[in-house]
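# next comes the sequence, and after it the predicted model I'd like to discuss.
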Number of protein chains: 4
Amino acid sequence: MADTQHSMDAMAELNDLRMSEEARPLYEHVKRFIKETVEPMYEEFERLGEGKTDIWSYAPGQLEALEKAKDEAKKQGLWNFFLPDAETGEGLKNLDYAYIASELGKNPLASESMNCSAPDTGNMEVLERVGTPAQKEQWLKPLLEGKIRSAFAMTEPALPSSDAKNVSMSAVLEGDEWVINGEKYYISGAGDPRCRIMITMVKTNDGPDVNRRQSQILVPLPHPGVTIMGPMHVFGDPDAPHGHMHIRFENVRVPKENMLLGEGRGFEISQLRLGPGRIHHCMRSIGAAEKALDLMVVRGMTRQAFGRDLIKLGGNLEKVSRARIEIEAMRMMVLKAAKAMDVLGNKEARVWISMVKAMVPERVCAIIDDAIQLHGATGVSQWTPLARMYANQRTLRLADGPDEVHHMVVGRAETRKYTGEEEDPAMAAVWRK
Amino acid sequence: MADTQHSMDAMAELNDLRMSEEARPLYEHVKRFIKETVEPMYEEFERLGEGKTDIWSYAPGQLEALEKAKDEAKKQGLWNFFLPDAETGEGLKNLDYAYIASELGKNPLASESMNCSAPDTGNMEVLERVGTPAQKEQWLKPLLEGKIRSAFAMTEPALPSSDAKNVSMSAVLEGDEWVINGEKYYISGAGDPRCRIMITMVKTNDGPDVNRRQSQILVPLPHPGVTIMGPMHVFGDPDAPHGHMHIRFENVRVPKENMLLGEGRGFEISQLRLGPGRIHHCMRSIGAAEKALDLMVVRGMTRQAFGRDLIKLGGNLEKVSRARIEIEAMRMMVLKAAKAMDVLGNKEARVWISMVKAMVPERVCAIIDDAIQLHGATGVSQWTPLARMYANQRTLRLADGPDEVHHMVVGRAETRKYTGEEEDPAMAAVWRK
Amino acid sequence: MADTQHSMDAMAELNDLRMSEEARPLYEHVKRFIKETVEPMYEEFERLGEGKTDIWSYAPGQLEALEKAKDEAKKQGLWNFFLPDAETGEGLKNLDYAYIASELGKNPLASESMNCSAPDTGNMEVLERVGTPAQKEQWLKPLLEGKIRSAFAMTEPALPSSDAKNVSMSAVLEGDEWVINGEKYYISGAGDPRCRIMITMVKTNDGPDVNRRQSQILVPLPHPGVTIMGPMHVFGDPDAPHGHMHIRFENVRVPKENMLLGEGRGFEISQLRLGPGRIHHCMRSIGAAEKALDLMVVRGMTRQAFGRDLIKLGGNLEKVSRARIEIEAMRMMVLKAAKAMDVLGNKEARVWISMVKAMVPERVCAIIDDAIQLHGATGVSQWTPLARMYANQRTLRLADGPDEVHHMVVGRAETRKYTGEEEDPAMAAVWRK
Amino acid sequence: MADTQHSMDAMAELNDLRMSEEARPLYEHVKRFIKETVEPMYEEFERLGEGKTDIWSYAPGQLEALEKAKDEAKKQGLWNFFLPDAETGEGLKNLDYAYIASELGKNPLASESMNCSAPDTGNMEVLERVGTPAQKEQWLKPLLEGKIRSAFAMTEPALPSSDAKNVSMSAVLEGDEWVINGEKYYISGAGDPRCRIMITMVKTNDGPDVNRRQSQILVPLPHPGVTIMGPMHVFGDPDAPHGHMHIRFENVRVPKENMLLGEGRGFEISQLRLGPGRIHHCMRSIGAAEKALDLMVVRGMTRQAFGRDLIKLGGNLEKVSRARIEIEAMRMMVLKAAKAMDVLGNKEARVWISMVKAMVPERVCAIIDDAIQLHGATGVSQWTPLARMYANQRTLRLADGPDEVHHMVVGRAETRKYTGEEEDPAMAAVWRK
């Protein structure tokens, strides 16, 4: 790709996709912890939640079970290791974290048990890099300790988020306070009763530089001006109690000091949380594809029709093969993008990140869809995880920039090889969330 | 296709896909009735249902509103016209009904308002053709009058329904009663509190002729041995109160007289309900695709990104074109299959029916998926009908024989041109509802 | 589609896709003539051509054999029936001609034997409609008699022909002569030694109206200023002696009277030859797909691997099914587009024509490709017609407007339903031969 | 994949896809040699060949120019480096050779200039591993010196080569001679006047073990019983003078000593030449895809239609992006398969090899096809290399086991994870050249 612009050595380095020696013990430890602590806790958690009537709260005992696992993780030193190259964390390379993320993806509570769950991870990264000492004390500390949870309010219902210039929620400085008005939706995690802080993308000026109009402001929750209108469904599923909420802001007043980094620097901050989240998402997507393939093969070998195993009928075995080939190709691409971030930095690696973001969820959807088909009606039901997995992956094709925007980024990188033109900053700004 | 086996004249006739002159007034009448009566009723019905706490019942006033519309339909003579060539009905040709079905597909209560909704339509057809006078009196009459509703229990959770030989629920004659044991699932309509009769596919012998082992028995509801275990979800949606139920039969005893047509003639009956249902489904699917295309175009022309209408960005306009081309091609194929049934009969038309069943839902899914993508996150939410439409169409690819089985039927018809071999009766038996 | 803009009756009429009673005897006669006269002649023609050293000439006896068949066709009244609704021809409907075209497609010399071969057909239509009496006497008469052949010079190597405004070859009036300079390529039929006249698209002014800059001028061949640079290959095949020639025009002087219709009316003439040619091409494409499917099935049933017929391995039978479904869907679409031309006229039917042009060759390529795959290495060799058929169909996706332009036409027709805007005349001008 | 069956360390090692330090100088040297020596020679070679009348011979001076380049390569030590881990060669790892192969793919005479061209490479490997001292002296020595060329006769016109048991050409021992009768086709390189030896796959017994019926015998050329019937075309191209020949063997007598390794050990030998050839092919395919993408981007940025660069119209930029993503994914897969051969051995790496063989040519065809479409009619002509590149890649999908067989290998590897069953030896035997 951008090979010509970098030294031969850096490019050669990009193809060393081994996990580092240093990360191996952590990787093994995480796997063991999931097996020994998270999985039993998850079973108890699910059992406690059965028959719960208010889907937007936790059942008695649920949070206690989760907290106990978190304490154990802290005790074992498996905590906050998501933070890349930070004094507060393990300083894991993106490549190493990509390997670990694929394990975290195997249990719905694994990430949270080790304080590595989205959107807290991105929010903590931002606070750690650009927060003032007071902001860090008030919000980063309890987040790092796992005492509270957080949200990131970016997408708006009235504007296509594919174009990063499209932010309309306004914040106006009145005296010592920012006054915020507008609407956001698909705010993940804002349904959780423990959610206490929300980083909010707003428009603070109408100046000529379209990339300096945005700011990011901290809004504590609950807040009198913040109304949660309801959950956005995903193929009919509200994903409670986490929730992807539709939120209205009416004269939401927060102290001037809640501005992050400075007025007009919203895009700049987006650059910080840029790529890693996508790599982690995509690595977990590959885990989902592996799961779908497993289910497809087991189903195909344990059911018969017309006197033969389903897997041997028609083109089913070729579908299995194509799924395996796609999975291995996606895995290498995600690892390479992670490595590119380690070697070249997030900004230089952005085309690799767009490549995996445009590639992975679309193909994982297709693999899950094939698995659904082989399961017959059971495939779309609640009896397998496939329908929910499909809904998740389908949504990823729309989140953090839809596929089309990432294809534009990749396509334009090719044309720039011929023109030498600079990248459109608005396009670069896609790299947020 | 089978052109060589039929007279030139019949084949020429197949390409006259015009609605008949006689059906036009009915077609116009149905359109008018939907607009003037069904649509206002549906709005009231929806309003009355808001805030309902038991999703498995109707809210006060809902059924009254529906019944009023049904009375009006009866009064206007718009009743039971689904019955093809029957003394009890309008004697509509399949081709004419296909045109009308596309209108019925435009409102969720249109079919029921005119007593033309599945699975009642298929059940009434069967009872009318093979029922005894007593069975007709007891079940067909109230169904034709719209007094009760019905279900058809065929699919089982433990066996791939792609192979029609795969029925395991047993019925054993003990004295004057059949005793039924087993499980069925995805029994549509069995959740409705008005459901009073269920046609049940069972296995009544283990004889050497695999196509004579099945029987169809009438089971009245509610019944002490029939336990509704719960609804099967479709991408997380229970579709209440209609419901696609999971049902257990434990020593369900019904009188000997409840057997339809005769022991071992289950497949034979399936032939009767064979094709028309699929054609109607597919015609409604085309309506769904039209709706998705409309939504896609409107969204694309009313949202902007990067300074242009979404519809003009990237390959979006080509997606619109491909959707239009697919829709027109599918429409002609459905009409031709309907015509083939009229001219050649259900049995001779079976390859045409398989062609549309294998073709339509798969492609409509793809069109809806493109429409979702253009809507961004809103596309998977409850704010547009797209997610639910997708789930419905996706399920159709698994119901009434999965795509793969219909492709087998079509593929083997090609090979038989060279071999002259007879069709595998088990494959023919796929042709059930 | 455009349904709303036309009367209900016309729209209903569109779905009557039966061949007319009047055309049936001609259809049967053409089939008989091909079998009894053309096929034996073609065998002799091929045999005479074996070992020919100059691929750009005919071998002794070849043209004599062809002329004899043409005389026989004339005698039997099977001559020039391509001319739609013309006093000079049979006045066939497009729908009827579409049926006949599928038969003409079955032998490489069938069309020419009955004086119905491209590009002569389009050229004769144009001359008949807009030619002066002198032009008709000099060129139309011998063409209608099959004495000479012709070419149509439109595409240029230096400009994308997807945009009809892109014509650069200039014609300047000097005294009583037009002086033409420039280059054209892919001029089909210009390699034939009998080619005597070429209709040439040129630019005659630089005025502000981009749709009035073009003109069409008659250039007699051979001509001292016209140099045939060589044949354009199609996947390595020069298609001699017909040839798709690359031609240079250097100070080509022709009398002022050779201008067709008038200076600046080139686009207008293009409208005349607009749609029919595409329908005929597409009908022949469907014949090619049928041939590929036949070959695929026969191969699959006569070869074995791993102990089973090839056709039963993996997804092969599903490929057969998908091919059959595509073929039937395409056939109905082509017939409907032909009917739309008959009922609505060429201009109103243009979206239907674009639909089939964008749909058919792409899918036929895919069907032939599947057939190639089932044949193994033999599939790409000269031992089956598949490789050449693929090359032909692949080329059709680029000729007469590439797929992308036709998708634009169809997509914009959808958006115009909402805007009411008029069609871009430059886009309309795509409708040339 | 097979990860579970191997040590963690070996699996980790598989992801180190860097070229080795030792190979870098050779890689750079090869690149320089191609630029400085091969490219000028190739231009001269082409110029000398212009106007050649006998396409099956070399023009005066052509071979001399080639020999001069070969001498120079020998002098510079760039000779026979294809031989993996052999005393006679450079002992290059497959991974390193994969990198170099992508450079060799850039000029049609690069491989031959350094004595690394197929099918000689596979033939030399086999002779080096299983040849007797006499066979080595007579055939390996001149091949290693680049004095003669060779062929490998495996595929037969009458049997699908997808099933390796399908070999019918017989060899019968009569006295001291094997007598061979039968037909082979697509024998690459057999058209070259310098071809002197052909390794021939024959059937030598009808015993019960279907994997012990085959043998490989050396047949010197020219030979009185060997008749070259003619070239097999690839999309109309005979690929002269290399040629993919159709050959008849009539009572071809060769000394008993010409048997390789031993009677009935034909499959065993196939294992030796197994994977590397496919990796090299696929690496060159990726080079072809890069070339197609380059051409597509340049064309799209230098042509305009409707007032915009072609690349900006419709979905073209997304096609560019998808091509880039595919290319990078394929590159990583090929490198990983090469590494798997280095770390696990050819046999253990066979599923990786099948993955790339089933993945790469199919996708490269699609990329080239998109490039053709963007070029308009020029895309299928002789004015760009695209049409020939397409034909080559399309053929690769049929050679060395068609895609379907490799998908079966990959699919069955997945099912074996659950069953533990041994691989079908006949399937394993697909792994021949």
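Cool, the structure landed. Numbers count the residues shown, from 1 in each chain, chains lettered A, B, ... in the order given.

# any idea which helix or strand in chain A has the lowest mean pLDDT?
Among the helices and strands of chain A, helix A:425-428 carries the lowest confidence by mean pLDDT, DSSP states H and E, at a mean of 47.

# residues making contact with stretch A:379-395?
Outside of stretch A:379-395, the residues within contact range by CB atoms under 8 Å, 6 or more residues apart in numbering or on different chains are A:234-235, A:237, A:285, A:288, A:291-292, A:295, A:361, A:364-365, A:368-369, A:371-373, A:375, A:378, B:157, B:186, B:232-236, B:372, B:377, B:380, B:391, B:394-395, B:398. In this view, the C-beta of every residue, glycine as well, is placed from N, C-alpha and C.

# now do 7 Å
Residues external to stretch A:379-395 that are found in contact with it (CB atoms under 7 Å, 6 or more residues apart in numbering or on different chains): A:234-235, A:237, A:285, A:288, A:292, A:295, A:361, A:364-365, A:368-369, A:371-373, A:375, A:378, B:232-236, B:380, B:394-395, B:398.

# ok, residue A:284 touching residue A:99?
No - between residue A:284 and residue A:99 there is no contact under CB atoms under 7 Å: 11.9 Å.

# measure how buried whichever residue of the stretch 101-250 of chain A sits closest to chain C is and give me the count.
Across the stretch 101-250 of chain A, no residue is closer to chain C than residue A:160, which sits at 17.4 Å (CB to the nearest CB). Taking other CB atoms under 10 Å in any protein chain shown as the neighbour definition, residue A:160 ends up with a count of 21.

# please list all residues in contact with it.
Contact analysis of residue A:160 by CB under 7 Å, 6+ apart lists A:166, B:303, B:305, B:310, B:376.

# closest one of those to chain C?
In terms of CB to the nearest CB, no member of the contacts of residue A:160 lies closer to chain C than residue B:310, at 11.4 Å.

# all strands for the stretch 201-350 of chain A, in order.
Defined through DSSP state E, counting those that start in this stretch, the strands belonging to the stretch 201-350 of chain A, from first to last, are A:214-220, A:226-231, A:244-255, A:304-305, A:308-309.

# bridging residues for the residue of the stretch 251-400 of chain A found nearest chain B?
Checking the stretch 251-400 of chain A residue by residue against chain B with CB to the nearest CB singles out residue A:305 as nearest, at 3.7 Å. Counting by DSSP bridges, residue A:305 is bridged to residue A:308.

# for residue A:54, give me the pLDDT.
In the predicted model, residue A:54 carries a pLDDT score of 80.

# list buried residues within the contacts of stretch A:379-395.
Neighbour-count burial (16 or more other CB atoms under 10 Å in any protein chain shown) applied to these gives A:234-235, A:237, A:285, A:288, A:292, A:295, A:361, A:364-365, A:368-369, A:371-373, A:375, A:378, B:232-236, B:380, B:394-395, B:398.

# now, those that are in helices?
Where the buried ones among the contacts of stretch A:379-395 overlap with helices, as defined by DSSP state H, the overlap consists of A:285, A:288, A:292, A:295, A:361, A:364-365, A:368-369, A:371-373, A:375, B:394-395.

# so what touches the helix or strand containing residue A:151?
Take DSSP states H and E as the rule and residue A:151 turns out to sit in strand A:149-153. Counting by CB under 7 Å, 6+ apart, the neighbours of strand A:149-153 from elsewhere in the structure are A:119-120, A:122-123, A:143, A:184, A:187-190, A:192, A:194-201, A:247, A:433.

# which other helices and strands contact whichever helix or strand comes after that strand?
Read in the C-terminal direction, the helix or strand following strand A:149-153 is strand A:170-174, with elements assigned using DSSP H and E. On a contact count with 3 or more CB pairs under 7 Å, 6 or more residues apart in numbering or on different chains; DSSP states H and E, strand A:170-174 meets strand A:177-188, strand A:195-203.

# which strand residues bridge residue A:253?
Per DSSP bridges, the residues bridged to residue A:253 are residue A:179.

# ok, residue A:281 - contacts?
With contacts defined as CB under 7 Å, 6+ apart, residue A:281 is in contact with residue A:396.

# equivalent analysis for residue A:324, please.
The contact partners of residue A:324, by CB under 7 Å, 6+ apart, come to A:293, D:410, D:414.

# equivalent analysis for residue A:46, please.
With CB under 7 Å, 6+ apart as the criterion, no residue contacts residue A:46.
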